[in-house]
Structures are given as structure tokens and as C-alpha cells.
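how does the following fold in three dimensions:
(one chain, ligands or ions: 1)
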Amino acid sequence: MNTTDHDVLIVGGGPSGLSAGLFTARAGLETLLVTDGDPILRRNAHLENYPGFPAGVSSGLLLEMMEDQAERAGCERREGRVVDLRPLDDGFAAETAAGETLTATAVVAATKNTVDFLENIDGVGIIDRGKSFVETDDRGRTGVPGLYAAGRLAAQPYQAIIVAGHGATVGVTVVEDSDVDLYHDWVVPDRYFTGRGRDLPPGCEEIDDAKRRRREAESLAVMRDYFAEPHPEEPNQHPSVED
Ligand SMILES: Cc1cc2nc3c(=O)[nH]c(=O)nc-3n(C[C@H](O)[C@H](O)[C@H](O)COP(=O)(O)OP(=O)(O)OC[C@H]3O[C@@H](n4cnc5c(N)ncnc54)[C@H](O)[C@@H]3O)c2cc1C
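Below is the predicted model:
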């Protein structure tokens, strides 16, 4: 019997952690994301290389939209700093700076270059290149079953779209390594599979035209709200820059 509180614990709420949480939550895994402090992307002044935004986008706005999307999918997000991680028989126990213990079957570390909370886990390969990174296979698995690293922490190139994509890869990998049956996380037109005699594959959804139009209308309304006004938050300056 599984005794952990969550299926998945994501540590770090930048683009990689948020994407990982989006995919694990959409697959039905009970996902908790714990994060402390602003993602480094908040230092970006205007994000102009993230596909889908031809004239660029405020990084603060993009992060807000990513947070909302993960939350809509069912990924719970909390503020907190993970200071220690220890193995359990069927997962991991994470301790936060506030003294809380969080348990999960799988853990995704997405903390950029922060590795101190991993020191009590045997078998994690830490790469030291001035900054610390975690060794993984090409799907984000570390040397410890159930423990994954995503984004910059997994030595991915330092661009938001790449770490977000890597977070998604790791999220899907966590799902594939779990008991959940997944073909693809896809929404397709009505009868796309069933209309040719195939069962609807796990993770896929067929929607008819009325449902598609309703969803598109909701999407347009939501996006109008996001883009109605400039994002209120200024980018973060490097802490060493003098006023
Ligand atoms: C000045 C600047 C400008 C940039 N401009 C661009 C750009 O124009 N285009 C582009 O593509 N990329 C840009 N980037 C790079 C982009 O920001 C990164 O690639 C991306 O943010 C990395 O995402 P991540 O999820 O791996 O890490 P992060 O975004 O840093 O997220 C990690 C999160 O984990 C949290 N965390 C750390 N330790 C813990 C812990 N122990 N417990 C809980 N939470 C923890 C951190 O506080 C943070 O919120 C820029 C970066 C900088 C510094």
C-alpha cells in the first residue's frame, strides 16, 4: 500500500517545475509543487524567444499564466523551501524550512543550481562546474529510482523554452514510470480514434465541435484578461547591481 501523501512532489516553481507539474497533474497524479523565491526568469526584462509570442511577452506574465495553468490542471502550489530530502520505503520525505514534512512517491527537483537538500540521498550524481547540476539520463531520471531533475538543474541549456520543454519531458517520464496508463496527453476532434474502430487511448480526449467552441471561447476570454493591461511587476535586477 502506498503511504505517501502525494504521488509527486515538485521542488521549484520556475518554468521547468511548473511544466513538470502541469503534465503529472493532467495525468491524474496527485501533485504538490513547493517553491521558494522568484524564478530566475523574473530577471528577464522582456521575453522575446519563447515561441507563441511573436512580439515577445512579459516574463512575469508568462510565469503567472504557467502557474495558473498548472493549478487549473490540479497541481497544488505552495510557498516553502525544501531543506532536506530522505528516502522512504515507497518514496521520499521532504522537510521544509518551516519544519513541515511532505511525502511523495516521486520527486522532481527543479531548483536551478540548488542541490543542498539532496545531500542525504545516496546515488545522486552532482556535477560541479562552478555552479551545481544533477546528472540525469535523457528523460530526467537521476541515479535514484523515483527522483528526477528538470530544467537548468539537469544541465539543460539556459533558455526558458528549453527548460519548460524539459520539465514537460520529465513530467511525462514520471507518468510513464508510474502505474498510470498514458498514450499521449492529447485533445483531438470527436471520433478521431473511435471513428476508425480504435479505443480511445489513455490520456487522450475526443471533443465535439460544440465543446471545442466553448473551450476556445473560454480561452479567448481568459487571454483577453491576461493581456488587457501591462503586467504590474517590474523585472528583478541582479542583486549586485548598485542603485
Ligand atoms: C537576467 C536573465 C535574463 C534571462 N533572459 C532570458 C531570455 O530572454 N530568454 C530565455 O529563454 N531565457 C532567459 N533567461 C533564462 C531563464 O530565466 C532560465 O532558463 C529559466 O528560468 C530556468 O528555469 P528553471 O525552472 O530551470 O529554474 P528557475 O526559473 O530558477 O526556477 C527554480 C525555482 O526553484 C526555487 N528553489 C530553489 N531552491 C529551492 C528549494 N530548496 N526549495 C524550494 N524552491 C527552491 C527558486 O527560488 C526558483 O523559483 C534569463 C535569465 C536571466 C538570469
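
select the longest strand from the chain.
If you go by DSSP state E, the chain has its longest strand at strand 101-109.

my guess is Tyr183 contacts Pro202, does it?
Yes. Using C-beta atoms under 8 Å, Tyr183 is in contact with Pro202, at 5.3 Å. C-beta coordinates here come from the backbone N, C-alpha and C atoms, glycine included.

is the longest strand of the chain in proximity to the ligand?
No. Remark: strand 101-109 sits outside contact range of the ligand, by C-beta under 6 Å from any ligand atom, the gap being at least 8.5 Å.

what separates that strand from the chain centre, distance-wise?
13 Å (C-alpha atoms, centre = their mean, to the nearest Å).

what of stretch 5-14?
8 Å.

close to the ligand, is that stretch?
Yes. If you take C-beta under 6 Å from any ligand atom as the test, stretch 5-14 does meet the ligand, through 11-14.

give the contact list for Glu71.
Arg77 (C-beta atoms under 8 Å, 6 or more residues apart in numbering).

just the pLDDT for it.
Per-residue pLDDT puts Glu71 at 98.

and it, that's in a strand?
No. Assignment of Glu71 by DSSP: H, G, I helix; E, B strand; the rest coil gives helix, placing it outside any strand.

from the ligand, how far out is it?
Going from Glu71 to the ligand by C-beta to the nearest ligand atom, to the nearest Å gives 16 Å.

direction included, what does the helix or strand of the chain with the lowest mean pLDDT pair against?
Least confident element among the helices and strands of the chain, by mean pLDDT, DSSP states H and E: strand 126-129 (a mean of 95). Note on strand 126-129: by DSSP bridges, its sheet partners are strand 131-134 (antiparallel).
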